[in-house]
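> Structure here, sequence nowhere to be found:
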């Protein structure tokens, strides 16, 4: 059985590097997408509500709490990967209008072929740079914007600036939410700057992450939830604490940012590289 599943592994060169689709040894209908060895997505085709990565579950919890259960949402996903969250929203909120922007056209085709979307999912995928796409969108067109863009293992600099955050805020409904994945490690310099940058455009915000990551003890993912109205802190905290890998909600973002200033285009930099060997146990 192990040999048969290993033979289903698919490796292709795409625009952003080497993509691997690796069958999940524990779930017959599930796959992990890796780009240049870094895990990008995990998808269970038979159960899109199964979310393997803890930061993705935290992002999904924020989507769950963006509106009453089951109500369709207008969702913009910046960064596609294997379309884990679009599939999740399509199942949990039928009728939602979802648009995905992914810069890597060959990756989009690989995912479409190997991990096809269900019929009538109402998920549209556009091959484009995320910032260029957002700048061409109309005001207040989305209830939720999910920002999870990585070129390899780093978020590009032009998606980490105050000018870009203002564009995201512009396309959000006044009551909408940005849900952003920020990867960083000690001393969290990039994450602090990103929180300050996002809050300059969307001031009502919180962070959800593993306690060790929030304290700057290890590299990991911090989920920023931001908008113009206060996020549902109590319910986010309950869900984070009850996860398979418990997390914590940070609300004192003045303390967290420590005086960091919003980052303009002129000085924006990509997110830091993960430590060497971080993903070695996830292949």
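Nice, thanks for sending it over. No experiment lies behind these values; they were computed from the predicted model shown.

> what's the closest residue to residue 155 other than its chain neighbours in contact with, if anything?
Nearest residue to residue 155, sequence neighbours excluded (C-beta to C-beta, 6 or more residues apart in numbering): residue 271, at 4.2 Å. Heads up, the C-betas are built off the backbone N, CA and C, glycines and all. In this structure, residue 271 makes contact with 150, 154-155, 160, 182-184, 190, judged by C-beta atoms under 8 Å, 6 or more residues apart in numbering.

> For residue 59, state which of those residues is nearest.
residue 182 (11.4 Å; C-beta to C-beta).

> Going by neighbour count, list what's buried in the helix or strand that contains that closest one.
Assigned by DSSP states H and E, residue 182 falls within strand 172-184. The neighbour-count check on strand 172-184 (16 or more other C-beta atoms under 10 Å) flags 172-173, 176-184 as buried.

> Then stretch 164-172?
Buried-residue list, stretch 164-172, by 16+ other C-beta under 10 Å: 164-165, 167-169, 171-172.

> Return the subset of those lying in helices.
Applying DSSP state H to the buried residues of stretch 164-172, the entries found in helices are 164-165, 167-169, 171.

> between these, which is closest to residue 239?
Checking those one by one against residue 239 (C-beta to C-beta), the nearest turns out to be residue 168, at 23.8 Å.

> wait, that closest one sits on residue 134?
Yes: using C-beta atoms under 8 Å, residue 168 is in contact with residue 134, at 6.2 Å.

> Point out where this protein drops to low pLDDT.
1-7, 277-283 (pLDDT under 70).

> quick one, strands of the stretch 101-250 of the chain?
123-127, 142-147, 172-184, 204-209, 220-227, 248-250 (DSSP state E, counting those that start in this stretch).

> and the angle from the fourth one to strand 220-227?
Spelled out, that is strand 204-209. Orientation of strand 204-209 against strand 220-227 (axes from the mean of the first three to the mean of the last three C-alpha atoms, to 10 degrees) gives an angle of 160 degrees.

> Give me the distance from strand 204-209 to the chain's centre.
Remark: strand 204-209 is offset 14 Å from the chain centroid, using C-alpha atoms, centre = their mean, to the nearest Å.

> contacts for it?
Counting by C-beta under 8 Å, 6+ apart, strand 204-209 makes contact with 55, 58, 61-62, 195, 198-199, 214, 220-231, 233, 236, 240, 247-251, 253, 256, all of which sit outside it.

> Run me through the strand neighbours of it, direction for each.
Sheet pairing for strand 204-209, assigned by DSSP bridges, gives strand 220-227 (antiparallel), strand 248-250 (antiparallel).

> Same check on the first one?
Each strand that pairs with strand 123-127, with its direction, by DSSP bridges: strand 97-102 (parallel).

> Same question for the second one.
Strands adjacent to strand 142-147 in the sheet, as given by DSSP bridges, are strand 74-78 (parallel), strand 172-184 (parallel).

> Just give me the longest helix of this structure.
Counting by DSSP H, the longest helix found in the chain is helix 189-201.

> Setting the sequence-adjacent residues aside, check what's closest to residue 128.
With sequence-adjacent residues excluded and distances taken as C-beta to C-beta, 6+ apart, residue 128 is closest to residue 101, at 5.4 Å.
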